[in-house]
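Visitor: no sequence on this one, just coordinates:
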């Protein structure tokens, strides 16, 4: 909703899939850089992919976050090993696993009474993001 207020719609944002590997992030970033209008920010579905995106940027002298901001997902240890340190979204993985396990072990009757739950996310701001340079 907030993006739509800024005139950014789903149809205007490129969405790419890649392998869950550093090389997958590098390959996806190359494809994004080949677009007519280069992005100013990349949100990756994992910190592993984001590490590959950052690697591509280093190899092609693209300043992170000066020219492009990179955001990961998971808050894995690799997020603090990239240069710059990766801004990421942290999820309660242990709690998610516990809930999934409870669901799998529940009987059909018990599952009918289980509700979908929203779990808290936390934005971990590090040095790979900055306001858009104008």
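Guide: Done, it's in. In this text, all values refer to a predicted model and were calculated from it rather than measured experimentally.
Visitor: The residue lying farthest from the centre of the chain: what secondary structure?
Guide: For the chain, the residue at maximal distance from the C-alpha centroid (C-alpha atoms, centre = their mean) is residue 109, at 36.2 Å. Of the three states, residue 109 takes helix under DSSP: H, G, I helix; E, B strand; the rest coil.
Visitor: per-residue pLDDT, it?
Guide: The model reports residue 109 with a pLDDT of 90.
Visitor: SS state for the closest residue to residue 24 other than its chain neighbours?
Guide: Leaving out its chain neighbours, the residue that sits closest to residue 24 by C-beta to C-beta, 6 or more residues apart in numbering is residue 18, at 3.5 Å. For every residue, glycine as well, the C-beta is placed using N, CA and C. Under three-state DSSP, the three-state class of residue 18 is coil.
Visitor: can you check the one 10 residues further on too?
Guide: With three-state DSSP as the basis, the three-state label of residue 28 is helix.
Visitor: Give me the contact list for the worst-scoring helix or strand of the chain on mean pLDDT.
Guide: Here the helix or strand of the chain ranked lowest by mean pLDDT, DSSP states H and E is helix 2-5, holding a mean of 80. Contacts with helix 2-5, where a contact means C-beta atoms under 8 Å, 6 or more residues apart in numbering, come from 9, 13.
Visitor: Going forward, the N-terminal residue is numbered 689.
Guide: Shifting the count to begin at 689 puts that one at helix 690-693.
Visitor: list the buried ones in that helix?
Guide: By 16 or more other C-beta atoms under 10 Å, helix 690-693 has no buried positions at all.
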